[in-house]
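S.K.: Kindly generate the corresponding structure for this input.
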Amino acid sequence: MDQMNTSLEELLRTSFRGNIVGKNLTQKAGLNYLPRYVAEFILGNYLDRFEDPDIAIKEAKAFVTTHYPENNSGELLKHKLLEEGEIKILQKYDVTVNLKKEEYYATTPILHEKIHVDPNYTSYYPALLTTGMWGLGHLYYIPSDQSDYKMELVDFKPFQLGSFDRDEFFTSRLNFSLTQWIDLLITSLGLNAHYLSDKQKLLIIARLIPLVSQNLNIAEFGPKSTGKTYQYRNHSSYTHVVSGSSITPAKLIFDLRNHQAGLISTSDVIAFDEVTGADFGDKKDFELIGLLKDYMEGGNVSRGIFEVNEDASLVFLGNIEIRGEKPKFNDFVRELPAAFSDSAFIDRIHGIIPGWEIPKIAQTEVAFTTETGLISNYIGEAFHNLRSWDHPSLNWKQINLDLKYYRNENAVRKLTNGLLKLLFPGVTATSEEINLCLGLACELRQVVYDQLSALEPDEFGRHRLSARIR
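M.R.: Predicted structure coming up:
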């Protein structure tokens with residue numbers, strides 16, 4: 001490791017003590033079947049207890065092997081609960097409030113039974129009621145004549161951060177140059193910053209804009225194997241990845257039958273994966289597309305008599321044909337489901353990341369980092385916290401805009417604010433740095449506008465978008 005990398009790692013250890021992990025150790029531990037933010041949290045606990053990384057990895061793997069059940073073991077766990085009276089399982093726990101009975105109950109993916117919960121747990125860990133939390137739950141069996149429930153959560157140890165200090169995060173960021181901070185973000189995502197160009201790093205960081213922004217809609221289209229889905233699935237517990245072909249209005253917006261809020265009310269980001277193979281725009285999805293268009297306009301949408309007003313951001317991910325280093329077709333949205341050939345739908349997407357400019361994931365030793373980065377759960381909590389904060393460096397009265405019409409301007413504003421929050425949290429950005437963010441925001445919106453121009457050239461004439469500080 002050269003002197004630059006050595007000093008950066010030392011700076012990281014002094015600035016973010018307790019919230020870092022060697023990213024190669026995560027790979028070495030082989031816990032890829034868990035979300036990365038969970039695996040790193042568990043591994044970090046053992047690294048704090050053992051000086052030898054190999055011993056820490058061995059202990060972490062033993063813990064997960066003991067407590068994380070296989071997918072088909074639900075009935076076996078119930079049998080064990082009946083025989084022994086208690087079990088301890090590592091799962092994601094979601095808590096629901098039963099207003100009629102004034103009770104709280106949890107559910108897990110492996111056990112299709114309601115688990116009685118003391119409401120004090122939701123006071124300690126409110127995320128149990130929103131996004132759910134990963135942790136080790138100690139469950140007791142309740143004899144049938146004592147309660148309506150068969151199980152009770154008697155202890156819960158979370159494997160996610162319970163709180164986040166934004167001011168401390170801002171203070172730590174002050175210790176890094178922009179170049180160092182960009183490399184730290186890339187490393188924290190598990191990628192090798194030395195394998196990427198400066199532009200490629202910024203495009204990968206642009207994937208994170210929805211995580212720090214409210215009601216921001218973004219898309220990424222490009223070749224397979226560039227890691228776009230992985231980024232959303234593994235670095236924040238507030239993000240929900242769904243198959244584009246399996247989502248329904250009830251699951252997304254509101255279930256009229258059960259009067260239950262959809263994903264849009266419980267997630268920071270909903271990422272629609274593999275939209276290329278979805279049925280968006282077909283007759284059976286007519287209602288869904290209409291609801292999406294309403295919601296993407298400003299966060300408001302009605303279903304039946306219920307009105308939803310939320311701040312979740314939407315991400316659309318899909319593969320398109322590439323010829324050389326560019327899309328095979330200039331109007332590549334025509335390759336996508338029918339909704340993406342609807343100018344009203346495309347116009348509501350604030351920016352499109354040109355996935356063809358991001359390299360495919362190569363061999364492990366080349367594409368993935370062996371260096372130390374921020375623990376995934378920590379950066380996930382940081383991104384979640386930044387959603388309610390606007391960067392103060394941007395004064396739009398000082399900026400020359402040539403964006404043609406309002407939707408372009410609104411998109412560039414939102415994208416720029418998101419980039420500033422990611423790159424300069426707690427830091428006053430210089431004019432040059434603000435222009436860097438403005439330039440990338442215009443590029444992302446330009447891809448949207450070019451597709452609009454290809455679809456409806458009479459309404460959306462060719463135009464080069466620009467925004468710079470005077």
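S.K.: CA atoms for contacts and neighbours, from now on please.
M.R.: Noted.
S.K.: Do you have the strands of the stretch 201-350 of the chain handy? List them.
M.R.: Counting by DSSP state E, counting those that start in this stretch, the stretch 201-350 of the chain has these strands, from start to end: 217-222, 239-243, 254-255, 260-261, 269-273, 300-303, 306-309, 313-319, 322-323, 326-327.
S.K.: list the contacts for the spatially closest residue to Ile320 that is not a sequence neighbour?
M.R.: For Ile320, ignoring the flanking residues on the chain, the nearest one in space by Cα to Cα, 6 or more residues apart in numbering is Gly222 at 5.3 Å. Contacts here follow Cα atoms under 8 Å, 6 or more residues apart in numbering; on that basis Gly222 touches 318-322, 327, 354-356.
S.K.: in the sheet, who's paired with Gly222?
M.R.: With beta bridges defined as DSSP bridges, Gly222 has these partners: Asn319.
S.K.: State the distance from it to Thr65.
M.R.: Relative to Thr65, Gly222 is positioned 37 Å away (Cα to Cα, to the nearest Å).
S.K.: Same check on Ile270?
M.R.: When distance is defined by Cα to Cα, Ile270 is 30 Å away from Thr65.
S.K.: Between the two, which has more neighbouring residues?
M.R.: Ile270 (24 against 13; other Cα atoms under 10 Å).
S.K.: Tell me if I'm right that that one and Ala312 touch.
M.R.: Yes. At 7.1 Å, Ile270 and Ala312 qualify as touching, with contact defined as Cα atoms under 8 Å.
S.K.: Find residues that contact each of those two.
M.R.: Both Ile270 and Ala312 are in contact with Ile264, where contact means Cα under 8 Å, 6+ apart.
S.K.: how about the protein, which residue sits the furthest from its center?
M.R.: In the chain, the greatest distance from the average C-alpha position (Cα atoms, centre = their mean) is reached by Asp145, at 43.6 Å.
S.K.: ok so that one is a helix residue?
M.R.: No. With DSSP: H, G, I helix; E, B strand; the rest coil as the criterion, Asp145 is coil rather than part of a helix.
S.K.: Excluding sequence neighbours, find me the nearest residue to Pro158.
M.R.: Nearest non-adjacent residue to Pro158 (Cα to Cα, 6+ apart): Gly135, at 4.0 Å.
S.K.: ok, now which ones touch the one you found?
M.R.: Neighbour list for Gly135: 90-93, 156-160 [criterion: Cα under 8 Å, 6+ apart].
S.K.: which among those end up buried?
M.R.: The neighbour count (16 or more other Cα atoms under 10 Å) marks 90-93, 156, 158-160 as buried among the contacts of Gly135.
S.K.: sorry, back to before: JSON lines please, covering the strands of the stretch 201-350 of the chain and showing distance to Lys78 and mean pLDDT.
M.R.: Conversion of those to JSON lines gives the following (distance: least, Cα to Cα, whole Å; pLDDT from 0 to 100):
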{"stretch": "strand 217-222", "distance to Lys78": "42", "mean pLDDT": "96"}
{"stretch": "strand 239-243", "distance to Lys78": "28", "mean pLDDT": "89"}
{"stretch": "strand 254-255", "distance to Lys78": "30", "mean pLDDT": "84"}
{"stretch": "strand 260-261", "distance to Lys78": "27", "mean pLDDT": "82"}
{"stretch": "strand 269-273", "distance to Lys78": "33", "mean pLDDT": "94"}
{"stretch": "strand 300-303", "distance to Lys78": "38", "mean pLDDT": "90"}
{"stretch": "strand 306-309", "distance to Lys78": "38", "mean pLDDT": "88"}
{"stretch": "strand 313-319", "distance to Lys78": "38", "mean pLDDT": "94"}
{"stretch": "strand 322-323", "distance to Lys78": "50", "mean pLDDT": "91"}
{"stretch": "strand 326-327", "distance to Lys78": "52", "mean pLDDT": "92"}
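S.K.: right, and the ones you listed - which one's nearest Ile375?
M.R.: Of all the strands of the stretch 201-350 of the chain, the one in closest proximity to Ile375, counting by Cα to Cα, is strand 239-243 (16.4 Å).
S.K.: Could you look up the SS state of the spatially closest residue to Glu325 that is not a sequence neighbour?
M.R.: Residue nearest to Glu325 in three dimensions, not counting chain neighbours: Trp356, with 6.4 Å by Cα to Cα, 6+ apart. In the three-state summary, Trp356 is assigned as helix, counting by three-state DSSP.
S.K.: from what I can see Trp356 touches Ile322, true?
M.R.: Yes. In this structure Trp356 lies within contact range of Ile322 using Cα under 8 Å: 7.2 Å.
S.K.: hey, what's in contact with both of these two?
M.R.: Counting by Cα under 8 Å, 6+ apart, the contacts common to Trp356 and Ile322 are 222-223.
S.K.: which residues touch the nearest residue to Arg387 once chain neighbours are set aside?
M.R.: Nearest non-adjacent residue to Arg387, counting by Cα to Cα, 6+ apart: Val212, 4.4 Å away. Contacts of Val212 were listed using Cα under 8 Å, 6+ apart, and they are 383-387, 418, 421-422.
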